[in-house]
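> need a structure here:
(chains A and B, ligands or ions: 1)
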Amino acid sequence: MTDIQSYLKAYDGQPLRLMEVCGTHTAQISRCGITGMLSPAIRMISGPGCPVCVTVTAYIDRLVALSMEPENVVATFGDMLRVPGGSQSLNDAKAAGGHVRMVYSPLDTLKLAADDPARTYIFAAVGFETTAPVYAMLLEEAVSNGISNVKILTSLKTMPPVIDWICKNQGGVDGFLAPGHVSVITGSRIFEPLSEKYGIPFAVAGFEGPQILAAIYALVRKSGKAGVMNLYPGAVTEEGNRTAQKMVDKYFTPCDAAWRGMGSIPDSGLLLREDYARFDAGSAGLNDDRGANARCRCAQVLTGAISPNECPLFGSACTPQTPQGACMVSMEGSCYNYFTNMRKR
Amino acid sequence: MKITMAHGSGGKATAELIEDIFEKSFHNPVLAKMEDSAVVPGAEKIAVTTDSFVVTPLFFPGGDIGRLSVCGTVNDLLMSGAKPRYLTCGFILEEGADTEELKKIAASMAETAAEAGISIVAGDTKVVEGKGGVYINTAGVGFVPPDVSLSASSCEEGDVILLSGNLGDHHAAILSERMNIRNTIQSDCAPLNEMVNALLESGVKVKAMRDVTRGGLGTVLNEFAGASACCMELEETAIPVSAQVRGFCEILGLDPLYMGNEGKMTAVVAAGDAQKALACMKESRYGENAAIIGKVVSGEPGTVLLRTPIGGTRIVTVLYGEGLPRIC
Ligand code: SF4
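The predicted model follows:
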């Protein structure tokens, strides 16, 4: 055992609740068995950093409706297929004759569209700061190659506003394992105002087990104090990736966005700019978040208010086979990870 | 409920579909055992199995649908301890399928059958409307020597778990082709006769064997742990995965534990025979990367534990969903 490992196992100070914001961190923490290596006084809670999980039902419903129109094909990543909408998932729509194609990369949509000019290909563009540049690239390619039968339906979100929302409305978080991929694009400095405002530490971490342990250790040592620690210096700088930021800025503009279970959060989303509205499949105003199952407690899970196994549906009505909420669908979802690895805390 | 792609994933949904529909309709004591092939009484003990192959693309690095359709069935027979003897094949061809390609597929089947010592004895062809697809169903018959009896339910504490080589090659090769990613990953598609014969003839006390196909190692070992009501513990660092496949999985967010293979097997053997079994595997064709990956321990019955490289422990469940690449 390393010194860090024995420290974290033996820690008996103030009980701490640390939030891993990023879905990839959630998946890695489960995959490496990290929670079992921590003292019971340190609790990891997973945050709203899985793009599929924070998507509202109105967005899925819109995709389903689009897929049912004969002139459209909805292209999407695999995870999105199984997310329940108000009444149907995209998989249900596909089985009922909807045009849905799974792709591995958003850019595949361009090729599909070029090969089938009679129909419009609509990509389900979900994600955070990390993925937004890829959609900007897709649009850039479409513009420069004159491909006009491609659109995107956006549900793009940004991290700092939702972290602010959690601190303000939920509280009880003693430190944030900051999203590593997001920080690559935004730079670590973006978390400084939040750290100051609430007096809590942020640690930007990589995705290997030892890197995550080191970040947890840093957060425990700095608990109660403000500060942004960059423990992923190989990939993350203070300023982030300027080129990607500019690309995003060229095509998108901030907007209010609805987060599953949290309602609309000001300036927490990205919408296509006026100049590129011809690529938009109707992304504005998709705020309805009425779940297929009213007892799903995604909102509390996503904000760390409860742990997935405290949801009354967890493991009974809701399993990865029969997901009632998005958190049980995505491989980065908190409920999915607790369920498949039987994570206890 | 409508059929979705998850019903073909080899994971939980597939198991439920089989239980709810096919097992109920076709129920008989042989089928109820749910082994890789059915061992039925006869003049000798006979093993019977069937499988359908719907892979795209039809040709991929390291194999093709023809080789796959023979290996899949041969390996299922082998895993029951049978010597593969006869194979039937049914082709469902979509209008537009290319006859030159079909010739290549048939030649590949013949060559693989010869390698596996099985004769193709019956066949059938149907054509349907479509876009030129080719689907193959094969059924195999093998004879089980009187003294051989293997079962997923016979694992017990102290037994050792072996894996015959690198995980995930087939799955990664197919995905790479579909996604147009350039790499040198080759499918591991191969018949495992030599390895199984070596194991069974060496006198090693083999408790259970299973080829690691759809659903991956995680799903297979859960079946063993469930059927034997035992607890299995794996050492993550001991599980062989090639550097290329590991990198591929990291990029796509896939877990090699759930990736499909077409020429890999796992075996549970008595503790005292572990080294001998490992040597048999390593000396056999397609077994050079074989490894001891874990053991049966005391613990919660029906669970599979994984010790991670940093010393954590997690539970490995069966595959849920389709094992698709992650989103960001
Ligand atoms: S367990 Fe299912 S129903 Fe409960 S919060 Fe998670 S996704 Fe929603």
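
> Tell me where the longest helix sits in chain B.
If you go by DSSP state H, chain B has its longest helix at helix B:99-116.

> State the next helix or strand along the chain beyond it.
Using DSSP states H and E, the helix or strand that follows helix B:99-116 in sequence is strand B:119-128.

> That following strand - contacts with which helices or strands?
Packed against strand B:119-128 by the contact rule (3 or more CB pairs under 8 Å, 6 or more residues apart in numbering or on different chains; DSSP states H and E) you find strand B:83-94, helix B:99-116. All C-beta spots, glycine's among them, are computed from the backbone N, C-alpha and C.

> returning to that earlier point: got the angle between the longest helix of chain B and strand B:119-128?
With axes from the mean of the first three to the mean of the last three CA atoms, to 10 degrees defining the directions, helix B:99-116 sits at 150 degrees from strand B:119-128.

> What parts of the stretch 101-250 of chain A come near chain B?
Within the stretch 101-250 of chain A, the positions lying close to chain B (CB under 8 Å from any CB of the partner chain) are A:M102, A:Y104, A:S105, A:V126, A:G127, A:F128, A:T130, A:T131, A:H181, A:G209, A:P210, A:L213.

> Now do the same contact list for B:A227.
Going by CB atoms under 8 Å, 6 or more residues apart in numbering or on different chains, B:A227 touches B:S151, B:A152, B:S153, B:C155.

> about what we covered before: list only buried entries from the residues of the stretch 101-250 of chain A next to chain B.
Buried members of these, scored by 16 or more other CB atoms under 10 Å in any protein chain shown, are A:M102, A:Y104, A:V126, A:G127, A:F128, A:T130, A:T131, A:H181, A:G209, A:L213.

> Residues in contact with stretch B:301-317: which ones?
Contacting residues not belonging to stretch B:301-317 are listed as A:1, A:5, A:30-34, A:36-37, A:209-210, A:213, A:339-343, B:218, B:221-222, B:225-226, B:229-237, B:257, B:297, B:299 [CB under 8 Å, 6+ apart].

> With stretch B:246-259 instead?
The contact list for stretch B:246-259 (CB under 8 Å, 6+ apart) reads A:24, A:27, A:31, A:104, A:331-332, B:11, B:167-168, B:170-172, B:175-176, B:181, B:183, B:185, B:215-219, B:239, B:241, B:245, B:306, B:316, B:319, B:323, B:325-326.

> Out of the residues of the stretch 101-250 of chain A next to chain B, list just those in helices.
A:H181, A:G209, A:P210, A:L213.

> Any idea how many residues pack against B:I251?
10 (other CB atoms under 10 Å in any protein chain shown).

> B:A38 too?
Close neighbours of B:A38, defined as other CB under 10 Å, add up to 19.

> Report whether the lowest-mean-pLDDT helix or strand in chain A contacts chain B.
Sorted by mean pLDDT, DSSP states H and E, the helices and strands of chain A end with helix A:298-302, the least confident at a mean of 88. No: Helix A:298-302 stays clear of chain B (CB under 8 Å from any CB), getting no nearer than 15.9 Å.

> Going C-terminal from that helix, what's the next secondary structure element?
helix A:334-340.

> For that next one, list every residue counted as buried.
Neighbour-count burial for helix A:334-340 flags A:S334, A:C335, A:Y336, A:N337, A:Y338, A:F339, A:T340 (criterion: 16+ other CB under 10 Å).

> Let's have those residues in JSON lines, adding pLDDT.
Compiled in JSON lines, the buried residues of helix A:334-340 are given as follows (pLDDT from 0 to 100):
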{"residue": "A:S334", "pLDDT": "91"}
{"residue": "A:C335", "pLDDT": "93"}
{"residue": "A:Y336", "pLDDT": "92"}
{"residue": "A:N337", "pLDDT": "90"}
{"residue": "A:Y338", "pLDDT": "90"}
{"residue": "A:F339", "pLDDT": "90"}
{"residue": "A:T340", "pLDDT": "86"}
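
> Now for those residues: which two are most distant?
Greatest spatial distance in the buried residues of helix A:334-340: A:S334 and A:T340, 11.3 Å, computed using CB to CB.

> Could you list which residues are in contact with the residue in the stretch 101-250 of chain A positioned nearest to chain B?
Ranking the residues of the stretch 101-250 of chain A by distance to chain B (CB to the nearest CB) places A:G209 first, at 4.0 Å. Contacts for A:G209 (CB under 8 Å, 6+ apart) come out as A:Q28, A:C32, A:I34, B:T308, B:P309, B:I310, B:G312.

> so how far is B:M259 from the residue lying closest to the second one once chain neighbours are set aside?
This points to A:C32. The shortest distance from A:C32 to any non-neighbouring residue, by CB to CB, 6 or more residues apart in numbering or on different chains, is to A:G209 (3.8 Å). Here A:G209 is placed at a distance of 20 Å from B:M259 (CB to CB, to the nearest Å).

> And for B:V134?
24 Å.

> just A:V301 next, same as before
A:V301 sits 29 Å away from B:M259, going by CB to CB.

> what about the spatially closest residue to A:N293 that is not a sequence neighbour, how many neighbours?
Excluding its sequence neighbours, the residue lying closest to A:N293 (CB to CB, 6+ apart) is A:Q324, at 4.1 Å. Using other CB under 10 Å, A:Q324 has 24 neighbouring residues.
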